[in-house]
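here you go, sequence then predicted model.
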Amino acid sequence: MSELEGLEFGKSDFVLLDEVTMEQFMENLKLRFEKGRIYTYIGEVVVSVNPYRQMDIYGKDTIDAYRGRELYENPPHLYAVSDAAYKAMKRRAKDSCIVISGESGAGKTEASKYIMQYIAAITNPCQRAEVESVKNVLLKSNCVLEAFGNAKTNRNDNSSRFGKYMDINFNFNGDPTGGHINNYLLEKVRGGGQDDREDSTPEQTGNLHRSKKLYLLRGGSPEILESLHLQNDPAVYAYTKEGATSNNDRSSHKAVMSALEVIGFSKEEVYSIYQIIASILLLGNIQFESDGESVQILGLEAVNHISELTATDPESICKSLLYRTVATGGGEVIEKGHTEQDACFGRDAFAKALYERLFGWIVARINSVIEVKDYNPVLHGKNTVIGVLDIYGFEIFDNNSFEQFCINYCNEKLQQLFIELILRQEQDEYERESITWQHIEYFNNQIIVDLVEQPHKGIISILDEACLTVGKVTDMVCLDSMDTKLAQHPHYTSRKLSPSDKTMDFKKHFRIRHYAGDVTYSVEGFLDKNKDLLFQDFKRLMYNSANPVLKEMWPDGQLSITEVTKRPLTAATLFKNSIVALVDKLSCKEPYYVRCIKPNEGKSPVLFDDARCQHQVAYLGLLENVRVRRAGFAYRQLYSRFLQRYKMTYEYTWPNHLMSSDREAVEAIITHHGFQDDVAYGNTKLFVRTPRSLFTLEQERAALIPILVLLLQKVWRGALARMRCRRMRAIYAIMGCYKRYKVKAHFWEVERRFANVPPTWHFNVLFSSLVVRWWARQIVKNIPPSDMLEVRAKVAALTALCGERKDWGVSRAWERDYLANVRISVEPNRSLFHILSSSYPFLSLFNKSTDRGLLVTDKYFYKLEPKKQYKVLKRLPLDAFTGLSVTSGIDQLVVLHTFSQDDVLLCLQRGELCPNQDRVGEMVGALVDHFTRSVPQPGKPHGLYSVAPFSVCTTLSEMASLQHLVVSEDRQQESEAACALRSACPPVLCASFSLEVFPPHSFWSGSCFGCSHGTGSELVLL
């Protein structure tokens, strides 16, 4: 199934049709054409419909999308079958071929060019010069062969007038090393006689089709035309006067000249080609007249020009056109004069032979350039081949003559090979996979092939016998002979054998029942077209030319008239021999097929002629191909490939299964969906009998793909983010190491320079202080501003309580505000800044405990009544407090000292959610931080402060006996207070600080207060 195509575009493989009928086949083909999908599969066969417009599906991006992919991983395309053939050649070292067939105008030539373009694009990744040279010659050869082998016809602007088979040789690396081109049926059959059939060329006055060579002459310069005695008007020449000119003749001429130069044609050889083409055109203008006894040429100017162009004697040309040299049995040579009709036939046969020999010489010249040279299998490895066959398809017209007979015989042979190879592939695959082989009913066209080519009994043998018979043998006599010998053949009939069939005429028509349908042939002209009308005089004339190119083209002219004893082979026999050789060559290769269909006669990109297309589907045998492919099982795939595509449809196979083999995993998927009766398990492949099972899997897969895409995007984005994070971490680690190295290097340099300087104690202390302050700065700058208040309070508590109280709440978050959701009743119209709010129990003189609320702002201390919506019971100015005392134990007792020695004793409540929380440290840190930052000192700038010494009491009794704790206003009072305290308890800390003053702010929101009666030392803060 194609990865990128939905069911709205129809089925990408005709094998997957629900029913194999012509109606469903045509409906699917038409839908895909209307949706712009011109390619469809039949297994490994590509059906191509000519779009008659440029399509953006052949660029570099498309080539990259199909390179190395399996056939069903992308939508159907020529590139897919090209890549499959290339992989078969490269991986299995097996020769392969691509057979392109279809009627004129179906797009065969373009298909072969795209296949060559793809093979050239995917090979030689190292850009080796010798390989690139071979690729360029192979590609340019198409341009040259088109120019000399294609023509403008009533049905096709670029119709191939020959069949082409190109072998491309590859080395063991898969790079092209050379090639070889074979051409089939150029002019020998196509150009003979008056041709009024549907696909004839526009000109009807001569026997030569108007090929691209005339377009090239129209694009040539006036100097070249003058030297060739030509005019720039095709209407002047009998062979081209009915043909229209093209608008791009000059560009075509330039392209062909460039291609000839790339291939390696010399200027002399190119000019010789022009001379031969000019001779052919001038030959067509030669006219004859008869006086009853002899035939004369009207005007000798054309003969003289031909003589100059071919480097021959004018008298010899006249003699060859008017007479025929015959050798008698006794060795005597006599000249027999032509009738006017014989002279015209001889002239046209000579023109056709000239062009045929020219085309054959061009092909041989290209082969001499691209052939593999100095090949040694021991040194260079196995030489593998990909063959590309571009050949005419089956033709059924209103008037079918000798040309259609030969072409349809060729297609019968190719169809026979096609069915045999397909059936052989099917049978071999079934045997390899240990699947029971079922006999497939199909039409075996061997009986039709025998009707045409069987020795002594076939139609070709009867024609050859008539051509060799002495005396006057006409087409009607030949038809009577066929009616006599083939009367009992089931696939042959005529009006004589079927008198009631009025679609045929007596003594004119016979009918063959081909695999593609019945074809009625007109016997008129069969013998003339089958005979070799080229007399030996013309061959000797060209061999004796002074032009080396012409001489090389006619090696058979070296024999004298007495030495030529064997009759030349007929056109039909030559064609049969070449087709038999072609089939033998194809049968030893792995085949891939491209079937081309012409959608309409008007070359419209939107019109789909159902009747016309159905006719082509029938004679191409596409429906037969689908039946053969679907016989037994419609779809087969390797277990690994099937599992990779559908493993997401079953939870135990996604993303990877844990079963012993892929086959078991595939069996699990099939069993999960209930398709056990519709499949067969081979050794390496799964075979699915009906397409409906496959569509069910496809629909479920299509529904899961978006989910998996989102998952993969999430995982990949996470992986990218982690990679970026690791890179950033590595970058910062490197930067940090480098910075540390630079600092160390600086100190090493300082140490080196001051190595002999004696150390001083003052410098060491100052330097240590600088280092500590720098390190503190490094720590502080990484603290978020929202956490700075808490950090300052903890630093202040650490300074006051370090080593004196075991647990002071440093490890928990300090919330500061524990009454945030309570409306506080304070004085109206007074701006107060909140410092701390909490609750504590009040112990009366009667030993009764009552809860109270505590609110500390930057100005006042409030005692609140919780039961009366926190009514303010008492307010004290904050600057009335002189100190604070706590114990060194785990109790929550706090004493706030005032100037009036009316101390406040608090027992803070612990947190309800965490009863073991210590909140003494939070209160101490908040008050110390506030006082140290807001109390200015005399004689110091605003914002500088001093912290007096504080003492730690050992018992609660000592704390109660403490008389007073004061915040001194000057140094004298501070010293006296310190002396008084030292007599009672030695101080543990005495320090002065200078810090920047911050605006008034909240520095503690309190904590839950609770009672504790533990013993411990009293901490006094001055």
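Perfect, I can see it now. Because the structure is a prediction, the values reported are computed rather than measured.

any chance you could map the strands in the stretch 651-800 of the chain?
679-681, 685-688 (DSSP state E, counting those that start in this stretch).

what is the last one packed up against?
In terms of contacts (3 or more CB pairs under 8 Å, 6 or more residues apart in numbering; DSSP states H and E), strand 685-688 is packed against strand 635-638, helix 639-646, strand 679-681. To be clear about C-beta, it is placed using only N, CA and C from the backbone, and glycine gets the same treatment.

thinking again about what came up before, tell me the most buried of the strands of the stretch 651-800 of the chain?
Ranked by mean neighbour count, those are led by strand 685-688 with a mean of 22 (mean count of other CB atoms under 10 Å).

okay, now the unreliable bits of the stretch 251-400 of the chain?
When residues are selected by pLDDT under 70, those of the stretch 251-400 of the chain lie in 327-331, 375-382.

where exactly do the helices run in it?
Taking DSSP state H, counting those that start in this stretch as the test, the helices found in the stretch 251-400 of the chain are 267-284, 301-310, 314-322, 340-370, 377-380.

now the longest helix seen in the chain and helix 639-646, what's the angle there?
Counting by DSSP state H, the longest helix found in the chain is helix 691-753. Here helix 691-753 points in a direction 80 degrees away from that of helix 639-646 (axes from the mean of the first three to the mean of the last three CA atoms, to 10 degrees).

what domains does the record give for this structure?
Annotated domains of the chain cover 635-707, 785-934 [the TED database].

hang on, Tyr118 packs against Ser82?
Yes - Tyr118 lies in contact with Ser82 (CB atoms under 8 Å); the separation is 4.5 Å.

how about the strands in the stretch 851-1000 of the chain?
According to DSSP E, counting those that start in this stretch, the strands that the stretch 851-1000 of the chain contains are 860-865, 871-877, 881-886, 893-898, 904-907, 945-950, 989-993.

name the stretch among those strands that sits most buried.
Taking mean count of other CB under 10 Å, strand 881-886 is the most buried of the strands of the stretch 851-1000 of the chain, at a mean of 25.

partners of that one in the sheet?
Sheet pairing here is set by DSSP bridges, and for strand 881-886 it gives strand 893-898 (antiparallel), strand 1019-1021 (antiparallel).

mean pLDDT for these: which is lowest?
Ranked by mean pLDDT, the strands paired with strand 881-886 end with strand 1019-1021 at the bottom, a mean of 29.

just the helices in the stretch 401-550 of the chain please.
So, for the stretch 401-550 of the chain - with DSSP H, counting those that start in this stretch - the helices run 402-432, 446-453, 459-468, 475-485, 526-530, 536-543, 548-553.

output the domains of the chain in a markdown table; the columns should cover distance to Ala745.
Listed next are the domains of the chain as a markdown table, based on distance: least, CB to CB, whole Å:
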| stretch | distance to Ala745 |
| --- | --- |
| domain 635-707 | 52 |
| domain 785-934 | 33 |
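
check the ones you listed for me: which has the lowest mean pLDDT.
domain 785-934 (a mean of 75).

quick one: closest of the helices and strands packed on strand 685-688 to Asp95.
strand 635-638 (23.0 Å; CB to CB).

CA atoms only: put that closest one into PDB for me.
Extracted in PDB, the C-alpha atoms of strand 635-638 (Å, rounded to 0.1, in the frame of the first residue of the first chain):
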ATOM      1  CA  TYR A 635      -1.000  -9.600  -1.500                       C
ATOM      2  CA  ARG A 636       2.200 -11.000  -0.100                       C
ATOM      3  CA  GLN A 637       4.900  -9.400   2.000                       C
ATOM      4  CA  LEU A 638       8.000 -10.300   4.000                       C
END
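
I'd guessed Val666 sits against Phe642; true?
Yes - using CB under 8 Å, Val666 is in contact with Phe642, at 5.6 Å.

give me the common contacts of the two.
Leu686 (CB atoms under 8 Å, 6 or more residues apart in numbering).

so which of the two has more stuff around it?
Comparing Val666 with Phe642 by other CB atoms under 10 Å, the one with more neighbours is Val666, at 26 against 23.

burial measure for the closest residue to the more buried one other than its chain neighbours, as a count.
Computed as CB to CB, 6 or more residues apart in numbering, the closest residue to Val666 that is not its neighbour in sequence is Tyr639, at 5.0 Å. If you count neighbours by other CB under 10 Å, Tyr639 ends up with 20.

pull out the buried positions in stretch 587-601.
Judged by neighbour count (16 or more other CB atoms under 10 Å), stretch 587-601 contains these buried residues: Lys589, Glu590, Pro591, Tyr592, Tyr593, Val594, Arg595, Cys596, Ile597, Lys598, Pro599, Asn600.

rewinding a little: any chance of the helices of the stretch 251-400 of the chain in JSON lines with distance to Ile396 and mean neighbour count as columns?
Shown next, in JSON lines, are the helices of the stretch 251-400 of the chain (distance: least, CB to CB, whole Å; neighbours: other CB atoms under 10 Å):
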{"stretch": "helix 267-284", "distance to Ile396": "31", "mean neighbour count": "20"}
{"stretch": "helix 301-310", "distance to Ile396": "40", "mean neighbour count": "19"}
{"stretch": "helix 314-322", "distance to Ile396": "38", "mean neighbour count": "18"}
{"stretch": "helix 340-370", "distance to Ile396": "25", "mean neighbour count": "20"}
{"stretch": "helix 377-380", "distance to Ile396": "46", "mean neighbour count": "8"}
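
got those helices as JSON lines, with distance to Gln415 columns?
As requested, these are arranged in JSON lines below (distance: least, CB to CB, whole Å):
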{"stretch": "helix 267-284", "distance to Gln415": "36"}
{"stretch": "helix 301-310", "distance to Gln415": "43"}
{"stretch": "helix 314-322", "distance to Gln415": "43"}
{"stretch": "helix 340-370", "distance to Gln415": "26"}
{"stretch": "helix 377-380", "distance to Gln415": "35"}
